[in-house]
Structures are given as structure tokens and as C-alpha cells.
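Peer 1: below is the sequence, then the predicted model.
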Amino acid sequence: MDIRQLRHFVTVADTLHFGQAAERLRMTQPPLSQSILTLERELGAALFARTKRRVALTPFGAQWLEQVRPAIAAIDALPETARQLREGRAGHLALSFVSTADYSVLPALVRRYAALFPQVEIRLTEATSDVQIPALLAGQAHAGILIPPADAPLSPDLCYRRLIREPLVAALPEQWVEAGAIDAAAILSLPLILFPRAVAPAFHDLVTGYYAARGGQANIVQQAIQMQTIISLVSAGLGIALVPASLRNLARAGVVYADLGDAPMLETGLAWRRDDETPTLRQFLELAQAG
């Protein structure tokens, strides 16, 4: 069975006349009749009921026609599909991201990409930087929005581009603020909620370094690996947190944000495998680099 036989079948089904079908197909009638007979033998069932006066689809032929039409349409669409895949206008993009990016660069970037490439499936995965980096190296994602390591360069197999650099601010329980003024000096003495160093060493060290530079030591009372969870714990009055300024976009009842004097700066960027030539990734990188 081949695509030529399937086209023969559909044309005869459309005309219900072997002579007219042969004309449409620009062939003579005997080879067309032979093609249909060969197809019927392969299927083990008749597709047409033939008499001297008329040709009609058998019940089997009518039902099989419903399967053949979309199959031919899909085959006919393959060249255009290949072009779209080659140009990065179809397929999928696997993008991982740290939770902080959800309130800064991620929404606008994904919205612009989806608007320009609506046929591309965007597969988003939230993950900490320590999970993203080996996943990128293993080819499990095309790109990752992450916080780069502060104490060592990324693998030479990865490329990196900075997306945003923003100050940290203090997220404070609203009831604590209402109870009395909290200045920068007081913030250093308050219980702290922070990412574990094992999963976010760059962020963890940035925060604890801020305390150390001012002669203090972070009093870490709770740890969480998602920024939403950290803000929830602040809202519950379990402590404060130092978070990226973009977290102001996370309007959470019971939490207020305060600027820090000489605030530490947090960098978030885009990483991808150097040898990854996926067309959808190429389009995404061009969009990200255009700002």
C-alpha cells in the first residue's frame, strides 16, 4: 500500500465513477481499476460495490474513507510542516526557570515569544538553578532562566546571557511593621527565612553576605525552595526575607516590602547548551537578545 493507491481510492470515492476518476488522475481506466483491486486484496475487503450502471462505496469503504482523507491531508502538509520546523515556527521549546523569574523577566518573555510563534508548544518547568544546570547539560531542556553561580563559572558547554540585575528588598510581616518602625539596623536582628544553600548557593550567599558585611549574622529560622512559600511564611509572621525587588509584583496580604540601604544586587540570566541548534531555541534566543 502506498500514497498513490490511497489517492486513487479517494478520487474514485469522490466521483463514484472510474472513468471520471481516471481523467482527474490523468491516467487510463484499466491501471486505475487494477490499483483499486490490488488495494482491496491488501485490505482483505471490498471498497466499492460495482455494477454495470453504478459504483458505490461499501460500508467498509465508507468508514475507511474517513481514515484515509486526514491521512492524505497530513502527508500533503508534511513539506509545510518541515519548513515551519526548520524555521523554528513549529515544534516545542523546553524552558526551565527559577521561581523569582516568575515575577520579573519570565512573563513578558514568554508572552512575546508565544505571540510571535503561536504554533510552538512552550513547555515550562520551575526548578532551582542547581537542578537546571545538569538538566541543560543532559539535553533535558533547551534553555533555563537561572541565577548563575557566584563562586565558579558555568560549564564551558553552556552559554549565558544576563537578563536582569535587580536589588534585594526586605519582605516584612505587616503586623510587625504596624507594631513599630523597623529600620535597616533592626532588619539585621530579625529572624530570617531563606533558600537552603544546597539548592540556591548564589542567592543564599548574597543574602548572608549582606549580613556579614554589616557585622551581623543571619538568624535563619525557616528555609524553603520556592519564593511563593517564603512569602507565605513571611505573611504568617514567622520571619522576614530578603527578596528580589520584582517580588513587589507578588501582592500578598500581610506582607509589606521595604528598600534596603546599599542593597545587594541579584543577577538572573538565560543559559543554554552551546551545541544546541534547535530552531525554536534559536528564535527564542534572538527574541531574548533583542530585549
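Peer 2: Received it, and whenever you're ready, just let me know what you need. Note that the coordinates shown come from a computational prediction; the quantities given were computed from them, not determined experimentally.
Peer 1: what is the one helix or strand residue 222 maps to packed up against?
Peer 2: For residue 222, the host element (DSSP states H and E) is strand 220-223. Judged by 3 or more Cβ pairs under 8 Å, 6 or more residues apart in numbering; DSSP states H and E, the packing partners of strand 220-223 are strand 192-194. In this view, the C-beta of every residue, glycine as well, is placed from N, C-alpha and C.
Peer 1: centroid residue for the protein?
Peer 2: Per Cα atoms, centre = their mean, the C-alpha nearest to the average position across the chain is that of residue 123, at 2.7 Å.
Peer 1: quick check: that one touching residue 97?
Peer 2: No - using Cβ atoms under 8 Å as the test, residue 123 is too far from residue 97 to be in contact (11.4 Å).
Peer 1: next SSE after the strand holding residue 222?
Peer 2: Strand 220-223 is succeeded, C-terminally, by helix 227-235 (DSSP H and E).
Peer 1: show me what that following helix packs onto, helices and strands only.
Peer 2: Against helix 227-235 (3+ Cβ pairs under 8 Å, 6+ apart) you get strand 158-173, strand 192-194, strand 241-244, strand 255-259.
Peer 1: okay but residue 217 is in contact with residue 211, surely?
Peer 2: Yes - with contact defined as Cβ under 8 Å, residue 217 counts as touching residue 211 (5.9 Å).
Peer 1: please say which of those two ends up with more neighbours.
Peer 2: residue 211 (18 against 12; other Cβ atoms under 10 Å).
Peer 1: for residue 200, which non-adjacent residue is closest in space?
Peer 2: residue 128 (5.7 Å; Cβ to Cβ, 6 or more residues apart in numbering).
Peer 1: for that neighbour, give me its contacts.
Peer 2: 98, 99, 195, 199, 200, 225 (Cβ atoms under 8 Å, 6 or more residues apart in numbering).
Peer 1: again, but for residue 68
Peer 2: Residue 68 neighbours (Cβ under 8 Å, 6+ apart): 6, 9, 10.
Peer 1: residues in contact with the helix or strand containing residue 19?
Peer 2: Secondary structure from DSSP H and E places residue 19 in helix 18-25. Under the contact criterion Cβ under 8 Å, 6+ apart, helix 18-25 has outside partners 7, 8, 11, 12, 14, 15, 28, 29, 32, 33, 36, 55.
Peer 1: next one: the third one, what pLDDT does it get?
Peer 2: Read that as residue 11. Note for residue 11: predicted pLDDT of 97.
Peer 1: burial measure for residue 178, as a count.
Peer 2: Count around residue 178 with other Cβ under 10 Å applied: 8.
Peer 1: what about the residue lying farthest from the centre of the chain, distance to residue 18?
Peer 2: Residue farthest from the centre of the chain, counting by Cα atoms, centre = their mean, is residue 52 at 59.7 Å. Counting by Cβ to Cβ, to the nearest Å, the gap from residue 52 to residue 18 is 12 Å.
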